[in-house]
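Participant: Prediction below, plus the sequence it came from.
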Amino acid sequence: MAAADTPSATLRHHDLCSRGIRLARKMRSDVTDLLDIYVERQGLDASISVAAVDGVPAAAAECWAEQTGTQRLLDNLAAYRAFRTLLAQMLEEQREQLGDADAELGPALAAVLLQVSAFAYHLEELLELESRGAPAEEGSEPPALPRLSLFEQKLRGLGVLRELAQWAVRSVRDLRQLAKHGPGSGTALGLPESQ
């Protein structure tokens, strides 16, 4: 019997999936609240359309039903690592623009950044349990994003937060599927269930 198939590994897998679902739901709720604060503080219209943003992974997957559990975890991990970098840059830009004058937006951004970092670590734990170590992060320093105007920074930030909210929903769905199929699921996991 493979290590991923032992009863204790199965229980740990289920526990990690359940905790991950709770973390993703909490993150989704906090990102939704942060979006409201962000739109208000940045003076944006909540209905503004934002094109795809460079460096922001899209939550939509063309072949979602055909993905294995490991593929889903790897996609999620890559996305949350990217969001960690993007949110850190947003926080830095926000501090440059407003300093410590904004007592609501800065702490809310920092809290979501912390949640994203914790969720990425959680995904790494799940990958370890799947007998597939998490891939190393590429390069110690993230690539510098192009210098944007203040308005472009605001729009990029809005796009990042909207896509992060979508990823939180996708993560809940992915983790539900993983919990159903157990550790080491190397086969496609099927169609997503409704949220």
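Facilitator: Here it is on my side, so go on.
Participant: where does this structure have low pLDDT?
Facilitator: The chain contains residues with pLDDT under 70 at 1-5, 61, 64, 100-101, 132-134, 138-146, 182-195.
Participant: Name the residue closest to the centre of it, please.
Facilitator: Tyr80 (3.8 Å; Cα atoms, centre = their mean).
Participant: And for that one, nearest residue in space, chain neighbours not counted?
Facilitator: Using Cβ to Cβ, 6 or more residues apart in numbering and skipping residues adjacent in sequence, the residue nearest Tyr80 is Ala120, 4.1 Å away. Every C-beta, even on glycine, is put in place using the N, C-alpha and C of the backbone.
Participant: quick one: the one you found and Arg81 touch, right?
Facilitator: Yes - assessed by Cβ atoms under 8 Å, Ala120 is found in contact with Arg81 at 5.6 Å.
Participant: So Ala51 belongs to a strand, correct?
Facilitator: No - assignment of Ala51 by DSSP: H, G, I helix; E, B strand; the rest coil gives coil, placing it outside any strand.
Participant: what about it, neighbour count?
Facilitator: Ala51: 7 surrounding residues under other Cβ atoms under 10 Å.
Participant: which residues touch Tyr80?
Facilitator: Val116, Phe119, Ala120, Leu123, Trp167 (Cβ atoms under 8 Å, 6 or more residues apart in numbering).
Participant: what ranges do the helices span in this structure?
Facilitator: According to DSSP state H, the chain carries its helices in the segments 7-42, 69-98, 105-129, 150-181.
Participant: now the ones you listed in a markdown table, with distance to Glu62?
Facilitator: Below are the helices of the chain laid out as a markdown table (distance: least, Cβ to Cβ, whole Å):
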| stretch | distance to Glu62 |
| --- | --- |
| helix 7-42 | 22 |
| helix 69-98 | 12 |
| helix 105-129 | 21 |
| helix 150-181 | 13 |
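Participant: closest one to Val56 among those?
Facilitator: Nearest to Val56, of all these, is helix 150-181, at 5.0 Å by Cβ to Cβ.
Participant: Kindly indicate which of the contacts of Tyr80 lies nearest Leu74.
Facilitator: The closest of those, once distances to Leu74 are taken by Cβ to Cβ, is Leu123, at 8.7 Å.
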